[in-house]
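Peer 1: Need the 3D shape of this:
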Amino acid sequence: MTATTQVAAPENRRGPGPITAVLHRLPRYGLLLVGLALVLVFSALRPDSFPTTANFDAIVGNKTIDAFLALAVMVPMVTKNFDLSVGYGMGLTYVLTISLQVNYGVPWPLAIGIVLAVGLVLGLVNGLLVEFGQIDSFIATLGTGTVVYAITLWHTKGQQVTGELSTGFTSVDSAKIFGLHAPTLYLIIVAILMWLAFEYLPIGRYLYAVGANRRASELNGIRAGRYVIGAFMTSGVLTAVAGVLLASRLQVGQSNVGLDYLLPAFVGALLGSTTIHSGRVNVWGTIVAVAVLAIGISGIQQLGSSFFVEPLFNGLTLIAAVGFAGYTVRRRTRVRRKQEEATHRGSIPPPRAAAEAPATRP
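Peer 2: A predicted model of the protein is given here:
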């Protein structure tokens, strides 16, 4: 009796083609390409004003505060929480920074220290309401933000806060260090520290773990509540930093200024989740998103657009960012499921009948 065995031909496993590889990486670096395209387009349309050093300095200088607020929004968002109080918090800390010096004679370094402590306390209150009060972060921070706005109105009595400010305080925003505007250098330092914390330190991995699956992180010994509260406290401090910079820049306190910064901050954080680390909020993605928004708005303004174009641009970009971020997350989930199914199928040995033909009779 003889037996014949059928040997399956080896599968032709080929790597993805160049087009497939580019399309696979497009969501990760697509926003950078969009920013480059905007620069080229606006430079071609306005060659005398857009690609200039003065315009670059204006873009960087004007959007530093937006970047700080976007980072403030980003930190709680890592834990799947929202902080809607950042605009109101910046309004209070901005006014308080000026009034402490003008109305109460507090030296400017001490005034900055007090304001940063106020931001920390505001973040702590938000964290306690969300964690121990079990109030949805959207509602809790909207409520605290409204209360903070009322406090700002009460403190200023609806009037401007004006007075003589020291040169040391005004130089916090106007000084140049190594050829860079001081706020830009502050932003670079803070962004690097946050990037190191989120990408290379346990605290960053724990925060992402809490946001991905809180129950699973708690089962692994992570005290999720502490990290949620810490995220809101960090957001409060970054908000206060933005308030200090705004006070040093404007040098006149107004109670209604901070509200205009809320939407751009959320646009930057959400749009940033679509690049660098596509599908999750991250530091450099947020910075890139703020830069792209700044380039777009600057170019549109130089083309002679109407006053309503900037909020329209921010609103449409926010909708697009949320939609694309959701699509990216769903796409990654589908790819992960397909990989798991393929691994599961590969781990099951083929039946004997399929691998070996039945013996033939002579």
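
Peer 1: Surely Arg46 touches Gly299?
Peer 2: Yes: Arg46 lies in contact with Gly299 (Cβ atoms under 8 Å); the separation is 7.3 Å. Where you see a C-beta, it was placed from the backbone N, CA and C, and this is true even at glycine.

Peer 1: more crowded one of those two?
Peer 2: Taking neighbours as other Cβ atoms under 10 Å, Arg46 and Gly299 compare with Gly299 leading, 21 against 17.

Peer 1: Report the contact partners of the more buried one.
Peer 2: Leu38, Val41, Phe42, Leu45, Arg46, Phe50 (Cβ atoms under 8 Å, 6 or more residues apart in numbering).

Peer 1: and with 6 Å instead?
Peer 2: Phe42 (Cβ atoms under 6 Å, 6 or more residues apart in numbering).

Peer 1: Output the host helix or strand of it in CSV with nothing but the alpha carbons.
Peer 2: Element membership for Gly299 (DSSP states H and E) is helix 283-302. Coordinates of each C-alpha in helix 283-302 appear next as CSV, following Å, rounded to 0.1, in the frame of the first residue of the first chain:
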residue,chain,number,x,y,z
VAL,A,283,1.8,66.7,22.9
TRP,A,284,3.5,67.2,19.6
GLY,A,285,0.3,66.5,17.7
THR,A,286,-1.3,69.3,19.7
ILE,A,287,1.5,71.7,18.9
VAL,A,288,1.4,70.9,15.2
ALA,A,289,-2.4,71.4,15.2
VAL,A,290,-2.1,74.8,16.8
ALA,A,291,0.6,75.8,14.3
VAL,A,292,-1.5,74.6,11.3
LEU,A,293,-4.5,76.6,12.6
ALA,A,294,-2.4,79.6,13.0
ILE,A,295,-1.0,79.3,9.5
GLY,A,296,-4.5,78.9,8.1
ILE,A,297,-6.0,81.8,9.9
SER,A,298,-3.0,84.1,9.1
GLY,A,299,-3.2,83.3,5.4
ILE,A,300,-7.0,83.8,5.3
GLN,A,301,-6.7,87.2,7.0
GLN,A,302,-4.1,88.3,4.6
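
Peer 1: from the chain's centre, how far out does it sit?
Peer 2: In terms of Cα atoms, centre = their mean, to the nearest Å, the centre of helix 283-302 is found 13 Å from the chain centre.

Peer 1: for the stretch 251-362 of the chain, what spans make up the strands?
Peer 2: Using DSSP state E, counting those that start in this stretch, no strands are found in the stretch 251-362 of the chain.

Peer 1: circling back: list the buried residues in the helix holding Gly299.
Peer 2: By neighbour count on 16 or more other Cβ atoms under 10 Å, the buried set for helix 283-302 is 283-300.

Peer 1: where does the stretch 201-350 of the chain have low pLDDT?
Peer 2: Applying pLDDT under 70 to the stretch 201-350 of the chain picks out residues 278, 305-307, 321-322, 324-329, 332, 335, 346-350.

Peer 1: tell me the contacts of the residue positioned nearest the centre of the chain?
Peer 2: Geometric centre of the chain, nearest residue: Ala269, 2.8 Å, by Cα atoms, centre = their mean. Counting by Cβ under 6 Å, 6+ apart, Ala269 touches Ala70, Val73, Met74, Met77, Val281, Thr286.
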